[in-house]
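Asker: build me a model:
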Amino acid sequence: MHNSLFLLCPTDCLEATINRAFGHDNYFYTSLGNSFDSDRKTLDSIREVITKHDIRTISFVLASDNKIISDALNGQFFSEVRDLESFYREISIQKDRSHLSWQVGDGRFAMLSYYLNKRIKELRLQLYSSFSDSIDIQGRIYDREGQTFKEIYSDLICMDKYYLN
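Answerer: Reported below is the predicted structural model:
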């Protein structure tokens with residue numbers, strides 16, 4: 001068994017569900033919609049938890065019905081909350097892009113996968129010098145209806161916009 005760090009949105013209330021599903025020592029870091037700032041203080045805190053508790057796996061987890069993501073896609077009632085404005089803008093842009101590439105299937109799952117893949121890339125880059133390849137960083141989406149954790153789509157199928165001259 002190994003210890004895991006789960007990066008969660010507090011509105012999903014998944015801590016107990018994760019503890020039941022993943023039976024080893026689990027640690028949690030929460031931020032609205034997994035939108036935490038990757039500033040030095042936050043990264044130092046994450047590094048400290050990783051080292052102190054011998055973390056081998058980090059998982060970004062969002063529920064498929066996440067309230068913050070839903071608000072970003074629909075009403076944007078919480079857009080005035082500190083640091084959510086740029087997050088909402090990012091989700092809206094990805095929503096538009098996912099409509100271009102996901103005509104069939106679950107567009108919301110694709111959009112969440114894109115967002116979590118982006119967060120994984122950012123965190124991997126920021127932690128690389130400290131932990132290189134010793135930590136596995138992954139993403140999962142919790143499906144409340146099926147009560148299952150699903151692996152996110154591969155980064156290879158998530159769409160970014162590029163301009164070629």
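Asker: Y29 pairs with what?
Answerer: L7 (DSSP bridges).
Asker: quick one: end-to-end distance for stretch 24-35.
Answerer: Stretch 24-35 has an end-to-end distance of 26 Å (criterion: CA to CA, to the nearest Å).
Asker: which stretches of the chain form helices?
Answerer: Ranges of helices within the chain are 15-21, 40-52, 67-73, 84-101, 107-131, based on DSSP state H.
Asker: burial count for L8?
Answerer: 23 (other CB atoms under 10 Å). For every residue, glycine as well, the C-beta is placed using N, CA and C.
Asker: my error: substitute H2 in the last question.
Answerer: By other CB under 10 Å, neighbour count at H2 equals 10.
Asker: do the one 3 residues further on as well
Answerer: Look at L5: counted by other CB under 10 Å, it has 20 neighbours.
Asker: helix or strand with the lowest mean pLDDT in this structure?
Answerer: One helix or strand of the chain scores below all others by mean pLDDT, DSSP states H and E: helix 84-101, with a mean of 65.
Asker: please list all residues in contact with F131.
Answerer: With contact set as CB atoms under 8 Å, 6 or more residues apart in numbering, F131 has these partners: R47, I50.
Asker: can you rerun that using 6 Å?
Answerer: Applying CB atoms under 6 Å, 6 or more residues apart in numbering to F131 gives no contacts.
Asker: any chance of CSV for the helices of the chain, columns distance to S31?
Answerer: Formatted as CSV, these follow (distance: least, CB to CB, whole Å):
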stretch, distance to S31
helix 15-21, 14
helix 40-52, 9
helix 67-73, 10
helix 84-101, 10
helix 107-131, 10
